[in-house]
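1. okay, predicted coordinates and the sequence, questions at the end:
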Amino acid sequence: MAVNPDDTGQLVRGAAGGDEIAWRGLVDRFSGLVWAVARAHRLANADAADVYQTTWLRLAEHIRRIDHPDRVGAWLATAARRECLQSLRVAGRTLPTDDMDRLDLTPVTGNPTEDAVLAAEQEREDADRAAVVWRALDRLPARCRELLRVLMASPPPSYAEVAAALGLPLGSIGPTRARCLRQLREEVAGITGGASSSN
């Protein structure tokens, strides 16, 4: 019987039965969530990659014992969170990085066309805006930073998955998200001198 790729419970049951396509379907659907949980804990890249791999290993080890296959996203979020906390305990401290430092902002060289110049300028403006947002995000309280980073996962996680990932009550996610976004807008406005407050 073919597994419906839109039915999470069927994917879990298929993967538990050895269906490689079902397993790939789970990874495709939830890899963004697992990465987002690791990023929310501000792990170094290598540690985040370890958490990602270990979380999927844990699922492979326990997939036949999952009580609610349709809620595997919340299970993965919880498992990833536990692996992150374990990684932080082992490391003894957090080593945050600023991904904006890794951007390749090499200027256009040679004799570029007008379109190339405009594209390069747009990239610089986008990078500048992104840098401001990341700086503003770093100024938020830790709980807001974690929540917003998890919510940026692609595809977006459900509130149940976010609650499991961060250990928050399900009903608090929406109001906390709104409060954190308001604080983020205020921080951006503070950095830019209010220029972004009208957006």
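-> Cool, the structure landed.
2. name the element residue 4 belongs to?
-> Per DSSP states H and E: residue 4 is located in neither a helix nor a strand.
3. pLDDT score assigned to it?
-> Predicted confidence (pLDDT) for residue 4: 71.
4. and what of the one 10 residues further on?
-> Reading off the confidence values, residue 14 has pLDDT 91.
5. and it, how close does it get to residue 86?
-> Here residue 14 is placed at a distance of 29 Å from residue 86 (CB to CB, to the nearest Å). C-beta: built from backbone N, CA, C; applies to glycine.
6. residues near residue 66, how many?
-> Using other CB atoms under 10 Å, residue 66 has 16 neighbouring residues.
7. before we move on, the earlier item: show me which of residue 14 and residue 86 is the more surrounded one.
-> For residue 14 versus residue 86, neighbours defined as other CB under 10 Å are more numerous around residue 14 (23 against 13).
8. OK, contacts around that one?
-> Neighbouring residues of residue 14 by CB atoms under 8 Å, 6 or more residues apart in numbering: 3, 21-23, 25.
9. so what does the worst-scoring helix or strand of the chain on mean pLDDT touch, helix or strand wise?
-> In the chain, the helix or strand scored least confidently by mean pLDDT, DSSP states H and E is helix 114-139, which has a mean of 76. Packing partners of helix 114-139 (3 or more CB pairs under 8 Å, 6 or more residues apart in numbering; DSSP states H and E): helix 142-151, helix 173-192.
10. buried set for the shortest one?
-> By neighbour count, and taking 16 or more other CB atoms under 10 Å as the criterion, the buried residues in helix 142-151 are 144-151.
11. what are the buried residues along the very next helix or strand once past it?
-> Per DSSP H and E, helix 142-151 leads on to helix 159-166 as the next helix or strand towards the C-terminus. For helix 159-166, the neighbour count (16+ other CB under 10 Å) marks 159, 161-166 as buried.
12. just give me the closest of the residues you listed to residue 75.
-> residue 164 (7.4 Å; CB to CB).
13. need the contact list for the closest one.
-> Contacts of residue 164 by CB under 8 Å, 6+ apart are 73-75, 77-78, 81.
14. residue 192 now?
-> Neighbours of residue 192 in contact, by CB under 8 Å, 6+ apart: residue 132.
15. report the central residue of this protein.
-> residue 36 (2.0 Å; CA atoms, centre = their mean).
16. tell me which helix or strand residue 46 sits in.
-> helix 45-62.
17. and that helix, what's buried?
-> Buried residues in helix 45-62 (16+ other CB under 10 Å): 47-48, 50-52, 54-56, 58-59.
18. okay, that helix in CSV with CA atoms only?
-> Taking C-alpha atoms only, helix 45-62 is exported to CSV below (Å, rounded to 0.1, in the frame of the first residue of the first chain):
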residue,chain,number,x,y,z
ASN,A,45,27.7,24.8,13.5
ALA,A,46,29.4,21.5,14.3
ASP,A,47,27.4,21.0,17.4
ALA,A,48,24.1,21.9,15.6
ALA,A,49,25.0,19.3,13.0
ASP,A,50,25.6,16.7,15.7
VAL,A,51,22.3,17.5,17.3
TYR,A,52,20.6,17.2,13.9
GLN,A,53,22.1,13.8,13.2
THR,A,54,21.6,12.5,16.8
THR,A,55,17.9,13.6,16.8
TRP,A,56,17.2,11.6,13.6
LEU,A,57,19.2,8.6,15.1
ARG,A,58,16.9,8.8,18.2
LEU,A,59,13.9,8.7,16.0
ALA,A,60,15.2,5.7,14.1
GLU,A,61,15.8,3.9,17.5
HIS,A,62,12.4,4.7,18.9
